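Q: Need a 3D model of the sequence below.
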Amino acid sequence: MAQEQLVNELEKALLERAEKLAREYHDRARRARQHILEDAHERLHIREQNEVLAAQAEAERLFRRQIQARELKLKGELDKLRWQLIQSVLHDLPARLRDASKDQDSYLALLRKLMAQAANAIESTELVAEVNATDLEYLSARWKAFSSDITPGKQIELAQTPFDCSGGVLLRSKDNRIRIDNSFEGRIERFQGILLQVITERLFAAEISQRGLFDD
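A: As a prediction, the model looks like this:
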């Protein structure tokens, strides 16, 4: 009887021990599961955050590229408009010079200046001046007085054939080996780079250039 009771107690103790171990394993498994779930949730959250940040960064890069593309397009359009405006001013310049030449006293003073500048640059002492038809008609009867003191030591003859220009003068040596085109068109072509710079500065720059078309 005592042995049977001892066996029963031993079985009971073993069962209790087994149940306790089972509960411990169950609790460990539950805690491990909870830890795994929490860890997975945290990893998923971090991944979602990283994906959101990556999407935001990509959106910002795309936005910057779009802004840069628009800025470049706008800059190109503005540059094109500026160039068209500069070309328009340059194209209108001969007409404006013709209008300015209607002030006869100022124009004749300018014509003398252009002739003197060209005459001093040509070594020959015998020169020929070519002017347009209007100037030729006016100067033919006044040439001696007009040209006598332009350049001391040099004789300037007035060509009787008009030169196709809007104003100014083409001066050449009598043998036609040296020619300086100081007509309006000739100077515009010769000083086109300076003109473009001056026009650009006057239209777009804060500092205005002081250089002029007929300043040497």
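
Q: any idea how far the residue nearest to the spatial centre of the chain is from Leu15?
A: The residue lying closest to the centre of the chain (C-alpha atoms, centre = their mean) is Asp79, at 5.7 Å. Distance, Asp79 to Leu15, by C-beta to C-beta, to the nearest Å: 93 Å. Backbone N, C-alpha and C define where each C-beta goes, glycine included.

Q: Repeat that for Glu137.
A: Here Glu137 is placed at a distance of 138 Å from Leu15 (C-beta to C-beta).

Q: got it, and Gln5?
A: 16 Å.

Q: and what of Glu189?
A: From Glu189 to Leu15 the distance is 116 Å (C-beta to C-beta).

Q: Repeat that for Leu158.
A: Per C-beta to C-beta, Leu158 is found 139 Å from Leu15.

Q: ok, back up a step: which pLDDT value goes with the residue nearest to the centre of the chain?
A: pLDDT recorded at Asp79 is 71.

Q: Next: Glu189.
A: According to the prediction, Glu189 has pLDDT 85.

Q: what's the burial count for it?
A: Neighbour count of Glu189, defined by other C-beta atoms under 10 Å: 11.

Q: helices and strands around the lengthiest helix in the chain, which ones?
A: For the chain, the longest helix by residue count, based on DSSP state H, is helix 2-100. The contact analysis (3 or more C-beta pairs under 8 Å, 6 or more residues apart in numbering; DSSP states H and E) places helix 2-100 against helix 184-190, helix 192-204.

Q: So Thr161, which state does it fall into?
A: Counting by DSSP: H, G, I helix; E, B strand; the rest coil, the backbone at Thr161 sits in coil.

Q: contacting residues for it?
A: Glu130 (C-beta atoms under 8 Å, 6 or more residues apart in numbering).

Q: how close does it sit to Gln155?
A: Distance from Thr161 to Gln155, by C-beta to C-beta: 19 Å.

Q: what's the answer for Asp103, then?
A: The value you get for Asp103 to Gln155, if C-beta to C-beta is used, is 29 Å.

Q: Over to Ala116?
A: Distance from Ala116 to Gln155, by C-beta to C-beta: 14 Å.

Q: Repeat that for Leu195.
A: 33 Å.

Q: Which one's more surrounded, the two?
A: Neighbour totals were compared for Leu195 and Gln155, and Leu195 leads with 20 against 14 (other C-beta under 10 Å).

Q: tell me the domain ranges of the protein?
A: The chain breaks down into these domains under automatic domain parsing: 1-100, 103-204.

Q: for the chain, what are the low-confidence residue spans?
A: 1-3, 6-7, 10-11, 100, 204-216 (pLDDT under 70).

Q: How about the secondary structure of Val169?
A: strand.

Q: I'd assumed Val128 was in contact with it.
A: No - counting by C-beta atoms under 8 Å, Val169 stays clear of Val128, with 10.2 Å between them.

Q: Quick check on the two: which one has the bigger neighbour count.
A: Val169 (29 against 19).

Q: what bridges to the more buried one?
A: Asn182 (DSSP bridges).

Q: From Arg47, how far out is it?
A: 84 Å.

Q: List the contacts of the nearest residue to Glu126 once chain neighbours are set aside.
A: Spatial nearest neighbour of Glu126, chain neighbours left out: Lys174 (4.2 Å); criterion: C-beta to C-beta, 6 or more residues apart in numbering. Listed by C-beta under 8 Å, 6+ apart, the contact set of Lys174 reads Ser124, Glu126, Leu127, Val128, Glu157.

Q: Alright, I will stop here.
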